[in-house]
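Chemist: my questions are about this predicted structure, shown below with the sequence.
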Amino acid sequence: MKPHTDRTRVLSVLRALCIANIIFSTAHFCVAVPLSDDFTTTTSTALVRRDDPPKVPPGSDAKDSSAFRSFYEPTCTLGMWSDSFRDGYGKELWSFDTKLWKWWIRNMGQWEGFPFGDGFPPNTCVKTKDLNDRLDNSITQYRLAGYCECEFFDNDNCEGHLFNAFNRDDMQLRTNGPDNDRISSFKCWPTDHYDSFVNGHVELFYQDSLGTAVQIEKKDFQQIDQFGFGTIWRTTCYNLPEGNTLRKYVVTGVTCQFYDNIGCWGAGRPIDYVTRTGHAGVDSLGGLGDPPYALKSFFCMLPFGIAFEPRKDM
């Protein structure tokens with residue numbers, strides 16, 4: 001071995017790496033360290049102990065836009081965001097795919113998911129910082145939908161009650177009351193609010209008539225196993241009259257699924273319905289009559305989803 005020659009070669013390599021580091025990065029600095037004639041390198045196999053992460057409900061902190069979830073299902077779904085990067089209907093404000101957008105998503109405090117289920121019991125206290133460390137005391141928007149209710153707290157141990165919510169959307173907490181940037185924990189539990197349901201109705205408008213209305217009372221609901229959602233309250237199937245083409249409908253106070261066959265065929269499987277409309281407020285769909293909206297039957301459920309337009313008849 002020729003120690004002086006080897007040391008000279010090593011120093012040359014270090015100088016070259018230093019120059020490259022200065023050119024391509026300003027985050028590190030090089031320090032020249034003299035080497036002895038004989039030197040050795042060792043590799044440590046010691047592992048740094050890491051604590052197991054806290055148990056959290058199933059969900060995602062949405063590293064990209066594909067993680068955004070539907071908020072129009074019976075399944076309880078909660079979303080919380082720390083800044084106004086979504087509009088009032090829950091869509092991205094920016095739709096272009098750029099490095100800036102990806103950086104923004106990655107660094108924003110947000111979480112969307114299911115507050116209970118999949119082995120995570122209801123009424124469990126969840127700390128927002130366990131979902132995303134940028135959420136703690138910085139939530140300015142939330143959306144909660146489905147058959148559930150949640151309570152939000154000022155402290156991270158589910159103490160210091162702030163408010164309760166169900167099927168509620170508030171994208172401007174900073175201007176709506178005193179709860180902006182205060183949420184640190186929450187807990188949720190299943191409920192369909194059957195006891196508070198009063199009534200609903202569906203107005204049907206055909207091509208050759210003024211239309212008809214179907215009144216829905218609490219007594220019209222029965223508990224039926226809905227594939228994928230468990231047992232839910234829903235009505236019987238209503239068949240539309242033959243010979244008339246449905247052109248528009250208005251749904252008030254309930255959520256309804258419409259089918260392109262008689263008898264709500266496939267009603268046990270949510271993928272088989274043609275369209276779903278309605279919530280605790282007023283919702284409508286027009287321009288019907290042609291595929292895929294050649295509708296022939298429907299049934300209704302207790303309302304879920306965000307009532308962007310409130311009822312005017314109560």
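Modeler: All right, it came through fine.
Chemist: could you check how far Lys127 is from Phe120?
Modeler: Look at Lys127 and Phe120: by CB to CB, to the nearest Å, they are 14 Å apart. For glycine as for every other residue, the C-beta is placed from the backbone atoms N, C-alpha and C.
Chemist: need the contact list for Phe299.
Modeler: Contact partners of Phe299, counting by CB atoms under 8 Å, 6 or more residues apart in numbering, are 234-238, 256-257, 264, 267.
Chemist: change it to 6 Å
Modeler: Applying CB atoms under 6 Å, 6 or more residues apart in numbering to Phe299 gives the contacts 234-235, 237, 264.
Chemist: what do you get for Thr235?
Modeler: 220, 299-300.
Chemist: likewise for Asp181?
Modeler: Counted by CB under 6 Å, 6+ apart, Asp181 has contacts 137-138.
Chemist: that one falls within a helix, correct?
Modeler: No: secondary structure of Asp181 (DSSP: H, G, I helix; E, B strand; the rest coil): coil, not part of a helix.
Chemist: where does pLDDT dip in this structure?
Modeler: 1-53, 62-68, 84-108, 208-209, 227-229, 266-271 (pLDDT under 70).
Chemist: mind giving me the domain split of it?
Modeler: Domain ranges of the chain: 1-35, 59-190, 197-301, per automatic domain parsing.
Chemist: what's the burial count for Thr75?
Modeler: A total of 18 residues lie near Thr75 under the criterion other CB atoms under 10 Å.
Chemist: disregarding residues adjacent in the polypeptide, which is nearest to it?
Modeler: In space, and not counting its chain neighbours, Thr75 is closest to Gly146: 5.1 Å by CB to CB, 6 or more residues apart in numbering.
Chemist: give the contact list for that neighbour.
Modeler: Counting by CB under 6 Å, 6+ apart, Gly146 has contacts 74-77, 304.
Chemist: and if you look at Val214?
Modeler: 202, 238.
Chemist: what do you get for Phe221?
Modeler: Residues counted as contacts of Phe221 (CB under 6 Å, 6+ apart) are Trp233.
Chemist: try it again with 10 Å
Modeler: 192, 194, 197, 232-236, 254, 300-302 (CB atoms under 10 Å, 6 or more residues apart in numbering).
Chemist: please report the distance of it from Ala213.
Modeler: 18 Å.
Chemist: do the same with Glu151
Modeler: Taken as CB to CB, the span from Glu151 to Ala213 is 37 Å.
Chemist: the two - which one has more neighbours?
Modeler: In this view Glu151 and Ala213 are compared by other CB under 10 Å, and Glu151 has more residues nearby, 17 against 13.
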